[in-house]
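>>> make a model of this:
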Amino acid sequence: MGRKSIRQNKNIYQTSRENAGLTREGAAERLAFLSSDRIEKIESEKSLPHPDEILAMANCYKNPSLCNYYCSHECPIGQEYVPEVKIKELSQITLEMLASLNSLEKEKNRLVEITVDGVISEDEMKDFKHIQEQLSQISMAIDSLQLWVQKALADGRIVQ
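The predicted model follows:
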C-alpha cells in the first residue's frame, strides 16, 4: 500500500490522482503502460508527460480537464493556440454564453457590412476586432460547456 503524500506544492496530475483515490501504484495498475516510477516523475515535474499519458490519466482519474491543462500549459503548440478552460458551474456557463450571443446578435449586421467586400479597411478594423473578441468569448463558453459535459459523463452525472 502506498503512502499518502504530504508534499505541499502538488501539481494537477498528483491532485487529480489523489482526488480519484488512487496511489501511484494503484494508478500504475489501472494505466498498465505507465509505471509508478513514471507517474512519480510526472508528478514531481522531473519529466514532462506525453500526450498519450495525459489522455490515459484523464480517463483513469475521471478528470478531462487534464487534457486542456496539458495543451494550454505544457505543449508548445497548445501554449500558442489553446486557451485554458476553467471548470465552471453549468448555470454560469449558460449565462455567459447567452450574454455573449445576445451581444453578438447586435453586431451581426455590422459583421456582414465589414466582410461583404472581402476586405477589412482601417475604419472597419476597430469594429471587427470587437466582434472577434465577442466570438472568442463564445468559443470559450462552448469549450467550458464541452468540458463540463465531459466531466459530468466521467462522473456518471449524465449518461450518453
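
>>> now for the chain, the helix or strand with the poorest mean pLDDT.
Least confident helix or strand of the chain, by mean pLDDT, DSSP states H and E, is helix 90-115 with a mean of 91.

>>> other SSEs contacting it?
helix 122-155 (3 or more CB pairs under 8 Å, 6 or more residues apart in numbering; DSSP states H and E). C-beta coordinates here come from the backbone N, C-alpha and C atoms, glycine included.

>>> report the central residue of this structure.
Asn68 (3.1 Å; CA atoms, centre = their mean).

>>> so the residue nearest to it when sequence neighbours are not counted, which state does it fall into?
Using CB to CB, 6 or more residues apart in numbering and skipping the chain neighbours, the partner closest in space to Asn68 is Val85 (4.9 Å). Assigned with DSSP: H, G, I helix; E, B strand; the rest coil, Val85 falls in the coil class.

>>> buried sites along stretch 112-126?
By neighbour count on 16 or more other CB atoms under 10 Å, the buried set for stretch 112-126 is 114, 124.

>>> endpoint to endpoint, that stretch covers what distance?
15 Å (CA to CA, to the nearest Å).

>>> so, low pLDDT: which residues of this structure?
1-7 (pLDDT under 70).

>>> could I get the CA-only coordinates of stretch 25-42 as CSV?
In CSV, the C-alpha atoms belonging to stretch 25-42 read as follows (Å, rounded to 0.1, in the frame of the first residue of the first chain):
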residue,chain,number,x,y,z
GLU,A,25,0.9,2.0,-7.6
GLY,A,26,-2.9,1.8,-8.0
ALA,A,27,-2.8,4.2,-10.8
ALA,A,28,0.0,2.3,-12.5
GLU,A,29,-2.0,-0.9,-12.3
ARG,A,30,-5.0,0.8,-14.0
LEU,A,31,-2.9,2.6,-16.5
ALA,A,32,-1.0,-0.5,-17.4
PHE,A,33,1.7,1.2,-19.7
LEU,A,34,2.7,3.7,-17.0
SER,A,35,4.8,2.6,-14.1
SER,A,36,4.6,4.1,-10.6
ASP,A,37,8.1,5.5,-11.2
ARG,A,38,7.0,7.3,-14.4
ILE,A,39,4.0,8.7,-12.5
GLU,A,40,6.3,9.9,-9.8
LYS,A,41,8.5,11.7,-12.3
ILE,A,42,5.5,13.4,-13.9
